[in-house]
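*Asks:* Model the following, please.
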Amino acid sequence: MRITFLLTNAYGGGGTIRTTLTMASALAARHDVEVVSVMQHRDEPLLPLDSRVRLRPLIDNTPLTAALRKTSLTPVGQTKSLLHTLLSRVPSRLAHRQDVRYRVFSARSDLALIRFMRSLSGGVVIGTRPALNLILARHAPSDVIAVGQEHMHLARNSPKLQESFRQQYPRLDAVTTLTEGDARAYRELLGPGVRVEAVPNAIPDLDGLRAAHDPQTKVVVAAGRLVKQKGFDRLITAFAQVHRKHPDWTLDIYGAGQAAVALQNRIDGKGLAGVVRLPGFSRELQYRFAESAIYVMSSRFEGFPLGMLEAMKCGLPLVSFDCPTGPADIVTDGENGFLVPDGDVRGLTAAINRLIENPELRRQMGAVGAQRAEQFAADRIAVRWEQLFEELALAPRRRPGGPGTAWAGLTGGMTWSGVGHRHEHQ
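*Replies:* Numbers count the residues shown, from 1 in each chain. You can find the predicted model right below:
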């Protein structure tokens, strides 16, 4: 099969990017796989990608490219650079305004996406966020198998966005969610005529890494973007209480994001400098997990937390708030970790303390988790995707037309030279 994953920016380090690149790499063993990134802001991706997978950006915003544009002496180069700048300042008319990443889209990305849609002929295209899924639903050619992949549970989307799902997602050949519970919610919203399947995130190959469970290892670990969603403020509050009882234990929170300064101030304000650490983004989280004793997730909401899966694969016991959605699909309370009522900071503290005080319990829960993690191995999840694609290939397409009128809809019928060039990209 020819399979294309469509990401907003494949060059970052978030969970959606990580799981998409993992699945693209797994499918590349048997298929022709490409990852198309609407944006590119650095020369190389942060995360590993199989050499058989093509990575293609639609818009190159790397510093080197920007510098070359500024020094271009040709009139054509100067005009093109000016046009790109102007288009980048015009709000998008393709992306849905209620998508939380709406501001990264622009008229320039609209043009790039329409060119991409017009270049498609057959194969499978998987969108990875609401704005891209809706664009696929409206503008993917009729001979393309269009799949909308949802990485966050339905209730996190605004009513206006959910209404757009209800109207437009029936044009997709399938919608996939990360949990069966969320699949039921989408089926209720979209009705019986839309195929909705639950396909969880996959765990990349971790080279057989396992936590040693050395009694001398006294590190609690967490990972994720440093944003409010991840609830690290709650985790720091809980660990302040842990520290009072177990002053020789430390907490490492891996990740980068806009809340870094606020979190560091919180750490300092609670007298936890050097006890709770923010090491930043790590390309080798699996090694950090293997060097730790307990994994904690404090998120306010999730999709299907990949970091938790990787920690479980490494044999770490898990402690997590029972937030929507994902943790309850991964943690069986008392077996491979502890599931704490969402927002119960005291309960989170108690669960961490219980594991700290019971090394054998840590080892037992870690072993159970490592065994259960096998069901999320990338090769197993790849088979589920293949089965879905094969079944969709036999079904009639759900879009009667293609992207031919897409740009006309944006410009009131005005035609721009070059818009229809197949395979052309910026």
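*Asks:* Residue 384 touches residue 199, doesn't it?
*Replies:* Yes - here residue 384 reaches residue 199: they are 5.4 Å apart, a contact under Cβ atoms under 8 Å. C-beta coordinates here come from the backbone N, C-alpha and C atoms, glycine included.
*Asks:* Neighbour count: these two, which is higher?
*Replies:* residue 199 (20 against 15; other Cβ atoms under 10 Å).
*Asks:* That one and residue 117: what is the separation?
*Replies:* Counting by Cβ to Cβ, to the nearest Å, the gap from residue 199 to residue 117 is 24 Å.
*Asks:* And for residue 395, the neighbour number?
*Replies:* Count around residue 395 with other Cβ under 10 Å applied: 11.
*Asks:* Would you state the predicted confidence (pLDDT) at the nearest residue to it once chain neighbours are set aside?
*Replies:* Ranked by Cβ to Cβ, 6 or more residues apart in numbering and with sequence neighbours excluded, the top spatial neighbour of residue 395 is residue 173, at 6.9 Å. With respect to pLDDT, residue 173 has a value of 97.
*Asks:* From residue 8, how far off is residue 173?
*Replies:* 21 Å.
*Asks:* more crowded one of those two?
*Replies:* A direct count of neighbours by other Cβ under 10 Å for residue 173 and residue 8 places residue 173 higher, at 26 against 22.
*Asks:* Go ahead and confirm that one touches residue 391.
*Replies:* No - taking contacts as Cβ under 8 Å, residue 173 lies outside contact range of residue 391: 9.7 Å.
*Asks:* which is the next helix or strand following whatever helix or strand residue 287 lives in?
*Replies:* Taking DSSP states H and E as the criterion, residue 287 maps to helix 285-290. Note on helix 285-290: by DSSP H and E, the next helix or strand toward the C-terminus is strand 294-297.
*Asks:* Can you name the residues in contact with that next one?
*Replies:* Residues outside strand 294-297 that contact it (Cβ atoms under 8 Å, 6 or more residues apart in numbering): 219-222, 224, 235, 251, 289, 305, 307-308, 311-312, 316-321, 327, 337, 348, 352, 355-356, 362.
*Asks:* one more time with 6 Å
*Replies:* Here strand 294-297 makes contact (Cβ atoms under 6 Å, 6 or more residues apart in numbering) with 220-222, 305, 308, 311, 316-320, 355.
*Asks:* Among those, which are located in helices?
*Replies:* The helices, defined by DSSP state H, take in 308, 311, 355 from these.
*Asks:* top of these by neighbour count?
*Replies:* residue 311 (33 neighbours).
*Asks:* and the spatially closest residue to that residue that is not a sequence neighbour, how many neighbours?
*Replies:* Excluding its sequence neighbours, the residue lying closest to residue 311 (Cβ to Cβ, 6+ apart) is residue 295, at 3.6 Å. Residues near residue 295, counting by other Cβ under 10 Å, number 26.
*Asks:* now stretch 294-304, how far from the centre of its chain.
*Replies:* With Cα atoms, centre = their mean, to the nearest Å as the basis, stretch 294-304 stands 14 Å off its chain's centre.
*Asks:* Ignore what I typed, I meant stretch 320-339.
*Replies:* The chain centroid and the centroid of stretch 320-339 are separated by 20 Å under Cα atoms, centre = their mean.
*Asks:* Stretch 332-350 too?
*Replies:* Worked out by Cα atoms, centre = their mean, stretch 332-350 lies 24 Å from the chain centre.
*Asks:* Name the residues of that stretch that are buried.
*Replies:* Neighbour-count burial for stretch 332-350 flags 332, 336-340, 342, 345, 347-350 (criterion: 16 or more other Cβ atoms under 10 Å).
*Asks:* those strands in the stretch 51-200 of the chain, which residues are they?
*Replies:* 54-60, 124-127, 145-149, 174-177, 196-198 (DSSP state E, counting those that start in this stretch).
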